[in-house]
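Novice: Make a model of this:
(one chain, ligands or ions: 2)
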Amino acid sequence: MVSSGMGAKRGILIRKGEAIQTMKEIKTIVFDKTGTLTKGKPEVTDVKSFDKSINEKELLNLSANLEKLSEHPIAKAIVNKADLKSYKKVNGFKVLRGRGVEGKIGKDMITIGNQTLMKERKIDLGNFVKSVEKLEEDGKTTMMVAEGKKILGVIAVADSVKEDSKEAIRRLNKAGYRTVMITGDNERTAKAIAKQVGIKEVIANVLPEYKAKKVEELQKNGMVAFVGDGINDAPALKQSNVGIAMGTGTDIAIEAGDIVLAKGSLEGVVQSINLSKATFRKIKQNLFWAFAYNVIAIPLAVAGVLHPVIAEVAMALSSVTVVTNANLLRRKKI
Ligand code: ADP
Ligand code: MG
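Specialist: Ligands and ions are numbered 1, 2, ... in the order given. This next block holds a predicted model:
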C-alpha cells in the first residue's frame, strides 16, 4: 500500500500489485518507438516528386485525399500539412495495417506506404531508392506515393524524441538492463532514432500482430517488460511479464498495462524498478520483524518465563514495527 501510494504521487499507477513484485526480476525492457520513445506527433518535413507529371504541392494534396480516411498519426500529419478545403472521392479505400493505405481516385489506383508495401505491389523505386534511404538515415519515416505501378514521389515525416527518453535509457543501460526498440517502421529510420536515445538493439519492420511474438522470443532469455502506447501494442503488453502503458496513449493500451505512466515519461520506468526493489526489501525486513517477536516470545510465554502482559505488548509491538518500517519506505529516493 505504501509503495503504490508512492508510485501514485509520481504518476506511476500500479494496476496489478503483482507487477511491483515482478518488476525487480526483469532482464529486458522492450520499447515501442512511436509515441513511447518519440512524442508520437509526426510532422511532414519533406515532399519530393519523382515524376514530371506532378509537383510537390500536388503530390501532398493527392495523398491527403486518401490519408483523410486513415486514423494513423502519419496520416494526420499529411492531412494537416496539405490543409485542403475539400476532399476528392476515394473508392475502395483500404488500410493496410503497418504498411500504408490505398484507394482509387477516379480510375487511378493510388498507393501510399512504406517500402514493404511498394514491394508487395511490385512498384519499382528504381534510382529514387537512394533519395528515400537518405531521408530514412536522418531518422525520418518515409511514405512512397504511387499511381498504378508508377512511383510519383515520397513524403517524409519526422517525430521527435521525448526530452527524457535519452536519460531514462542511459540509466537503464547503466544498471545492466538489455534495452530493445521494436517498431513497424523501417530499419534505417528505427536505427537512427535508436541511436539518438542510446538503444543498441532494434527490431524493425514488425507488423502489429507480431509484436507479441517478438516479446515471447525475448522471454526465452529472462523476464521482459514492454513499454508501449498504441492499440497495436496491447497484445505485447499482455504477453510481457510487466506491461507498462503510457498514460498519454490509447485506452486499449492503458487497459492492457499492469503499470500506467500517467505523465507518459520514461523516467517512470526507472522509478518503477527502483520502487519495486525498495518495496521488496521492505517486505523481507517486515517478515523478519513479524516472525522474530513471535519466534522468541511464544516459547518464552509457553515456558511461563514471560508475563502475559509483556507477551501482549510484544504482540502489539510486532505490528507497530512492521507498519512503521513500511512507512519508512516513503523516505526512500526513487
Ligand atoms: P509504429 O509501430 O511505428 O507505430 P505502424 O506499424 O503503425 O508503426 O506503421 C508502420 C509503417 O507503415 C509506418 O512507418 C508507415 O511507413 C506505414 N504506414 C502506416 N500507416 C500508414 C498510413 N496511413 N499512410 C502511409 N503509411 C502508413
Ligand atoms: Mg506507438
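Novice: Going by C-alpha atoms from here, please, whenever you check contacts or count neighbours.
Specialist: Noted.
Novice: Quick one: end-to-end distance for stretch 131-145.
Specialist: 14 Å (C-alpha to C-alpha, to the nearest Å).
Novice: quick one: the helices in the stretch 151-300 of the chain?
Specialist: For the stretch 151-300 of the chain, the helices defined by DSSP state H, counting those that start in this stretch occupy 165-174, 187-197, 211-218, 234-239, 251-256, 267-302.
Novice: Quick check: which of the ones you listed has the most neighbours on average?
Specialist: Greatest average neighbour count among these goes to helix 234-239 (a mean of 24), per mean count of other C-alpha atoms under 10 Å.
Novice: related to what we said a few turns ago, can you put the helices of the stretch 151-300 of the chain in JSON lines and add distance to R331 and mean pLDDT?
Specialist: Output for the helices of the stretch 151-300 of the chain, formatted as JSON lines (distance: least, C-alpha to C-alpha, whole Å; pLDDT from 0 to 100):
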{"stretch": "helix 165-174", "distance to R331": "21", "mean pLDDT": "96"}
{"stretch": "helix 187-197", "distance to R331": "31", "mean pLDDT": "96"}
{"stretch": "helix 211-218", "distance to R331": "35", "mean pLDDT": "97"}
{"stretch": "helix 234-239", "distance to R331": "31", "mean pLDDT": "96"}
{"stretch": "helix 251-256", "distance to R331": "29", "mean pLDDT": "95"}
{"stretch": "helix 267-302", "distance to R331": "11", "mean pLDDT": "90"}
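Novice: and of those helices, who's closest to A156?
Specialist: Nearest to A156 among the helices of the stretch 151-300 of the chain is helix 187-197 (10.7 Å), distances taken as C-alpha to C-alpha.
Novice: Counting by contacts, list what the closest one packs against.
Specialist: Counting contacts by 3 or more C-alpha pairs under 8 Å, 6 or more residues apart in numbering; DSSP states H and E, helix 187-197 is packed against helix 129-137, helix 165-174, strand 201-203.
Novice: Kindly reformat the ones you listed as TSV containing distance to ligand 1.
Specialist: TSV is the format used below for these (distance: least, C-alpha to the nearest ligand atom, whole Å):
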stretch	distance to ligand 1
helix 129-137	10
helix 165-174	16
strand 201-203	10
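Novice: Any chance of TSV for the ones you listed, columns distance to ligand 2?
Specialist: Formatted as TSV, those follow (distance: least, C-alpha to the ion, whole Å):
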stretch	distance to ligand 2
helix 129-137	18
helix 165-174	14
strand 201-203	14
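Novice: count of neighbours near K89?
Specialist: 12 (other C-alpha atoms under 10 Å).
Novice: The closest residue to it other than its chain neighbours pairs with what?
Specialist: In space, and not counting its chain neighbours, K89 is closest to I105: 6.4 Å by C-alpha to C-alpha, 6 or more residues apart in numbering. On the basis of DSSP bridges, I105 is bridged to D108.
Novice: shouldn't I105 be in contact with G92?
Specialist: No - between I105 and G92 no contact is recorded; they are 9.3 Å apart, counting by C-alpha atoms under 8 Å.
Novice: Of the two, which one has the most company?
Specialist: The neighbour comparison of I105 against G92 (other C-alpha under 10 Å) goes to I105, with 18 against 9.
Novice: Please tell me how far the more buried one sits from K213.
Specialist: 37 Å.
Novice: for T111, same thing?
Specialist: 28 Å.
Novice: just Q285 next, same as before
Specialist: Counting by C-alpha to C-alpha, the gap from Q285 to K213 is 38 Å.
Novice: again, but for G40
Specialist: G40 is 23 Å from K213, by C-alpha to C-alpha.
Novice: K85 now?
Specialist: Distance of K85 to K213, given as C-alpha to C-alpha: 43 Å.
Novice: Kindly report the same for L84.
Specialist: To K213, L84 is 40 Å away according to C-alpha to C-alpha.
Novice: now do F50
Specialist: From F50 to K213 the distance is 37 Å (C-alpha to C-alpha).
Novice: so E216 makes contact with Q239?
Specialist: Yes - using C-alpha under 8 Å as the test, E216 is close enough to Q239 to be in contact (6.9 Å).
Novice: Tabulate the CA atom coordinates of stretch 317-327 in CSV.
Specialist: In CSV, the C-alpha atoms belonging to stretch 317-327 read as follows (Å, rounded to 0.1, in the frame of the first residue of the first chain):
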residue,chain,number,x,y,z
LEU,A,317,5.0,-4.1,19.0
SER,A,318,5.5,-6.5,16.2
SER,A,319,2.6,-4.9,14.3
VAL,A,320,3.8,-1.4,15.1
THR,A,321,7.3,-2.2,13.9
VAL,A,322,6.0,-3.6,10.6
VAL,A,323,3.7,-0.6,9.9
THR,A,324,6.4,1.9,10.9
ASN,A,325,9.0,0.1,8.8
ALA,A,326,6.7,0.1,5.8
ASN,A,327,6.1,3.8,6.2
